[in-house]
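Just to be clear, the model below is a prediction. Sequence and coordinates:
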Amino acid sequence: MDDLTLRAMNLVEEAQAGAAARVLAVAEAALRDPTGEIPDGPAAMHFARVVALTRLGDLPAAIAAAGLMLTAADREGSAGWRSCALSLRATRRLRLGDQDIVEYDIEAVLRDLVSAETALLADEPDPVIRGNAHTGIAIGYAQLRLYELAVPQFQAAYEAACRASYPDNGNRAMWLCNLAELNLIWALELYQIGQVAEAEKLTTVAEEYAVRAAAEASGPRAQVWRLSALLYAACSRADRQDPAGAAADIPRYIALLKAYGLKEQHQELLLCRPFHAVALRRSGRPDEALRVIQDAVASLAPDTDWLISAALHRTHAVLLVANDSSDAVPGLTYGDALAELLWRQRQRWLHTAMTMQSYDVLRWQHEQAERAARTDPLTGVANRRGLDTFLRTLAASGAAAEQPVAVLTVDIDRFKHINDSLGHATGDEVLRAVAQLLTSNVRTGDLVARLGGDEFVAILPGADTVAATEVAQRMVHAIAGLTAWPVKASVGVASGRAYSLEEALTHSDSAMYAAKRAGGNRASATA
């Protein structure tokens, strides 16, 4: 994790801890630092800004900020930050739709989540960014009750946290707790539609994750994660092998978590109340079970997750019916019918998301194949086919085709001697290093291509010969500055119109040979 990412992650933690206004000011100052404009700042700081705006309750601004983050991520070529931006926008859109039906757009939310997932098919080397990206997708899918899609994302986040370079901040236990919690919520929904056997399979899985989380808890909040994990493990036993033990353990762990500041209305604690009531009833304590669930229902806040609220009310109705209260039967029947309808809605969303995923993966694979066909496999820059495609696009660009375009031809001096004296493996390393330097010395929208051997070309749309010569001189100095090998280069410069660049390519090639005849390690431009 680089310093910028670390700083952004610290700001996110501050915002979540209640300092959102200060974090917004710090993030916006950092975003303005490069050019004075917020959109031009780094994706990492856009991430902190989105979180701060969300914590301040300005969801429209947070959605717009996620869009700026997406642009910054693409500018930086970061798959991880691109994924984070898309999932942030999706979850903020979902939340805004909950507040205002006019803003409700489930297809747009699913499209962003699927695109965020597809973005991670490309490599993201930073495990912290990758972990946050997977978590963002998992949260979005979980909010839509697409459990089958959320689980592998939380698993991937956990695996990212297992890398040796990942800081020991307790995230491994957090993601295992998330997996335990998700399986418990999934089980509650299955109970509501009468799929008891499937629900019990999920509580078994939840217990396995919870036991692992308790064992792996670390970092500054290790004890909180350990208690949460033990609470989830106790809930997982309520409907299976140990209702009496669960009935004793659940209130004990809830009391310990309250000592760390969790309130009765906290989702984590409310989620456990139906399991507590079930454990009490199965232990032969029906009156206590009814009292626990009645207290939980009474403590529900208006913003409680509707699925947990429904599970509490349903458990209450089931216990009333078990106590021979016929008044609860109509409500239970209606609730179960509604739960069945909501489950079918969930299934439709799942089908839509999985169809989108299949299409997106195929599109990505096609784009990768196209990109590979236009890319030099050794250096990663464009090959001759990629150059030809770029030139055709320029020539067909209407009025832009009349604008000047500079052409730089680059040839490594005495490259054959490097190959002969140091070996072809070293020669390949030199080619890769030169390609990287050339790419770093041109602008976004310019093109660097390898024509073959040790010859490269750079195309600079909109640049004249004077500006291009300055770029060429920077390239010469940068290549000569490679300390690992004695490398020099000659660069030829020419310019022309986009519709007739073949002539400019010929002139830049001639200028490159003029630079070589003059001793190399220099740039030469056509008159």
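The structure has been received and is ready for your questions. These numbers were taken from a predicted model, which means no experiment stands behind them.

Okay, domains of the protein per the record?
Per automatic domain parsing, the domain ranges recorded for the chain read 1-167, 169-333, 384-525.

Identify whichever of these lies nearest to residue 354.
Residue 354 lies closest, by Cβ to Cβ, to one member of the domains of the chain: domain 1-167, at 7.7 Å. C-betas here are computed from N, CA, C, even on glycine.

Return the mean pLDDT over the closest one, rounded to an integer.
The average of the pLDDT scores along domain 1-167 is 93.

Next: stretch 412-429.
91.

hang on, the earlier thing: quick check: which of the domains of the chain is nearest to residue 353?
Of all the domains of the chain, domain 1-167 comes closest under Cβ to Cβ, at 5.1 Å.

before we move on, back to that, looking at the domains of the chain, which is nearest to residue 367?
Residue 367 sits nearest to domain 1-167 of all the domains of the chain, at 10.0 Å, using Cβ to Cβ.

Relative to residue 348, how far out is residue 78?
According to Cβ to Cβ, to the nearest Å, residue 78 and residue 348 sit 34 Å apart.

Give me the more crowded residue out of those two.
residue 78 (23 against 10; other Cβ atoms under 10 Å).

So residue 246 sits against residue 237, correct?
Yes - contact criterion Cβ atoms under 8 Å: residue 246 and residue 237 qualify, at 4.4 Å.

between these two, what contacts are shared?
Taking Cβ atoms under 8 Å, 6 or more residues apart in numbering as the contact rule, residue 246 and residue 237 both touch residue 279.

so the residue sitting nearest the centre point of the chain is in which element?
Most central in the chain under Cα atoms, centre = their mean is residue 133, positioned 2.3 Å from the mean C-alpha point. Assigned by DSSP states H and E, residue 133 falls within helix 127-143.

Can you name every helix or strand that the helix or strand following that helix contacts?
The helix or strand immediately downstream of helix 127-143 is helix 147-161, counting by DSSP H and E. Packing partners of helix 147-161 (3 or more Cβ pairs under 8 Å, 6 or more residues apart in numbering; DSSP states H and E): helix 127-143, helix 171-192, helix 328-373.

Against which helices or strands is the first one packed?
Yep, that's helix 127-143 we're talking about. By 3+ Cβ pairs under 8 Å, 6+ apart, helix 127-143 packs against helix 3-16, helix 79-99, helix 106-119, helix 147-161, helix 171-192.

got a markdown table for the ones you listed, with mean neighbour count and distance to residue 43 too?
Below are the helices and strands packed on helix 127-143 laid out as a markdown table (neighbours: other Cβ atoms under 10 Å; distance: least, Cβ to Cβ, whole Å):
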| stretch | mean neighbour count | distance to residue 43 |
| --- | --- | --- |
| helix 3-16 | 18 | 9 |
| helix 79-99 | 24 | 4 |
| helix 106-119 | 22 | 12 |
| helix 147-161 | 21 | 18 |
| helix 171-192 | 24 | 20 |
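
Report the secondary structure element holding residue 66.
helix 59-76.

what's the angle between that helix and helix 106-119?
30 degrees (axes from the mean of the first three to the mean of the last three Cα atoms, to 10 degrees).

If you count neighbours, what's buried in helix 59-76?
For helix 59-76, burial by neighbour count (16 or more other Cβ atoms under 10 Å) applies to 59, 61-63, 65-70, 72-74.

Out of the residues you listed, the closest to residue 124 would be?
residue 73 (10.5 Å).

ok, which pair from the buried residues of helix 59-76 is furthest apart?
59 and 74 (23.1 Å).

Please report how far the closest residue to residue 198 other than its chain neighbours lies from residue 197.
Using Cβ to Cβ, 6 or more residues apart in numbering and skipping the chain neighbours, the partner closest in space to residue 198 is residue 190 (5.1 Å). Separation of residue 190 from residue 197 (Cβ to Cβ) stands at 9 Å.

just to revisit the earlier point, please name whichever of the helices and strands packed on helix 127-143 is nearest to residue 258.
helix 171-192 (17.1 Å).

between that closest one and helix 127-143, what angle do the directions make?
Using the same axes, to 10 degrees: helix 171-192 against helix 127-143 is 10 degrees.

okay, helix 171-192 in CSV with CA atoms only?
Extracted in CSV, the C-alpha atoms of helix 171-192 (Å, rounded to 0.1, in the frame of the first residue of the first chain):
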residue,chain,number,x,y,z
ASN,A,171,-10.0,-6.9,8.4
ARG,A,172,-9.6,-10.7,8.1
ALA,A,173,-11.9,-11.3,11.1
MET,A,174,-14.2,-8.5,9.8
TRP,A,175,-14.8,-10.2,6.5
LEU,A,176,-15.2,-13.6,8.1
CYS,A,177,-17.8,-12.0,10.4
ASN,A,178,-19.5,-10.5,7.3
LEU,A,179,-19.7,-13.9,5.8
ALA,A,180,-21.2,-15.4,9.0
GLU,A,181,-23.7,-12.5,9.2
LEU,A,182,-24.7,-12.8,5.6
ASN,A,183,-25.4,-16.5,5.9
LEU,A,184,-27.5,-15.9,9.0
ILE,A,185,-29.6,-13.2,7.2
TRP,A,186,-29.9,-15.6,4.2
ALA,A,187,-31.1,-18.3,6.5
LEU,A,188,-33.7,-16.0,8.1
GLU,A,189,-35.2,-15.3,4.7
LEU,A,190,-35.3,-19.0,3.9
TYR,A,191,-37.1,-19.7,7.1
GLN,A,192,-39.7,-17.1,6.1
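
can you state the direction angle for that helix and helix 328-373?
Using the same axes, to 10 degrees, helix 171-192 lies at 130 degrees relative to helix 328-373.

who are the neighbours of helix 171-192, in terms of helices and strands?
Using 3+ Cβ pairs under 8 Å, 6+ apart, helix 171-192 sits against helix 127-143, helix 147-161, helix 196-216, helix 222-237, helix 267-282, helix 306-322, helix 328-373.

list the helices and strands the longest one packs on?
What that stands for is helix 328-373. helix 106-119, helix 147-161, helix 171-192, helix 306-322.

what would the buried residues of helix 59-76 look like in a markdown table with distance to residue 107?
As requested, the buried residues of helix 59-76 are exported to a markdown table (distance: Cβ to Cβ, whole Å):
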| residue | distance to residue 107 |
| --- | --- |
| 59 | 19 |
| 61 | 23 |
| 62 | 20 |
| 63 | 16 |
| 65 | 22 |
| 66 | 17 |
| 67 | 17 |
| 68 | 23 |
| 69 | 21 |
| 70 | 18 |
| 72 | 25 |
| 73 | 22 |
| 74 | 22 |
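
Which of those sits closest to residue 159?
residue 73 (21.9 Å).

Against residue 42, how distant is the closest one?
9 Å.

cool, and residue 332?
For residue 332 relative to residue 42 (Cβ to Cβ), the value is 54 Å.

Show me which of the two is the more surrounded one.
residue 42 (22 against 17).

Thought residue 4 was touching the more buried one, still the case?
Yes - taking Cβ under 8 Å as the definition, residue 42 is a contact partner of residue 4 at 6.0 Å.

Quick check, residue 307 in contact with residue 189.
Yes - with contact defined as Cβ under 8 Å, residue 307 counts as touching residue 189 (6.3 Å).

overlap in contacts of those two?
Residues touching both residue 307 and residue 189 (Cβ under 8 Å, 6+ apart): residue 145.

could you say what helices and strands the helix holding residue 66 packs with?
helix 43-55, helix 79-99.

try 10 Å
Contact analysis of helix 59-76 by 3 or more Cβ pairs under 10 Å, 6 or more residues apart in numbering; DSSP states H and E lists helix 20-32, helix 43-55, helix 79-99, helix 106-119 as its packing neighbours.

Residue 165 touches residue 126, doesn't it?
Yes - assessed by Cβ atoms under 10 Å, residue 165 is found in contact with residue 126 at 8.4 Å.

which one of these two has more residues nearby?
residue 126 (20 against 10).

From residue 44, how far off is that one?
Relative to residue 44, and taking Cβ to Cβ, residue 126 is found at 10 Å.

Need the overlap of contacts for those two.
Counting by Cβ atoms under 10 Å, 6 or more residues apart in numbering, the shared contacts of residue 126 and residue 44 are 2, 5, 78, 81.

Many thanks, I have nothing further to ask.
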